[in-house]
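Participant: just coords:
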């Protein structure tokens, strides 16, 4: 079974968290709710990741995101 890597990047100065599920060259942000964005692959329209602005300033400590999980993981 091939493993998928999830890359997580945090910019402390900008207070910005990015979760990358797939590598893509050309993408855009689509707002889910204030300061929560989906990163969409322009070529395929698939979710390539998520971005969270003002990450440490959030009142809520848990973030509900629906991540696509490959079928192999569920089996």
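Facilitator: Cool, got the structure. Since we're looking at a predicted model, the values are computed, not measured.
Participant: where do the strands sit along the chain?
Facilitator: Assigned by DSSP state E, the chain shows strands spanning 7-11, 16-20, 27-33, 36-41, 47-53.
Participant: how near is the residue most central in space within the chain to residue 12?
Facilitator: The centroid of the chain falls nearest to residue 50 when counting by CA atoms, centre = their mean (1.9 Å). Separation of residue 50 from residue 12 (CB to CB, to the nearest Å) stands at 18 Å. Glycine gets a C-beta too; all of them are placed from N, C-alpha and C.
Participant: related to what we said a few turns ago, let me know whether the residue nearest to the centre of the chain touches residue 40 as I believe.
Facilitator: No - the criterion here is CB atoms under 8 Å, and residue 50 misses it with residue 40 at 10.5 Å.
Participant: Residue 19 touches residue 48, doesn't it?
Facilitator: No - Residue 19 sits out of contact with residue 48 when judged by CB under 8 Å, with a separation of 9.8 Å.
Participant: So residue 30 sits against residue 36, correct?
Facilitator: No - using CB under 8 Å, residue 30 is not in contact with residue 36; the gap is 10.1 Å.
Participant: if we can go back for a sec, need the strands of the chain in TSV (columns: mean pLDDT).
Facilitator: Compiled in TSV, the strands of the chain are given as follows (pLDDT from 0 to 100):
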stretch	mean pLDDT
strand 7-11	92
strand 16-20	93
strand 27-33	93
strand 36-41	94
strand 47-53	92
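Participant: Just say which of those is most tucked in.
Facilitator: Per-stretch averages of neighbours, counted by mean count of other CB atoms under 10 Å, single out strand 47-53 among the strands of the chain, with a mean of 20.
Participant: neighbouring strands for that one, and are they parallel or not?
Facilitator: Strands that pair with strand 47-53, judged by DSSP bridges, come out as strand 16-20 (antiparallel), strand 36-41 (antiparallel).
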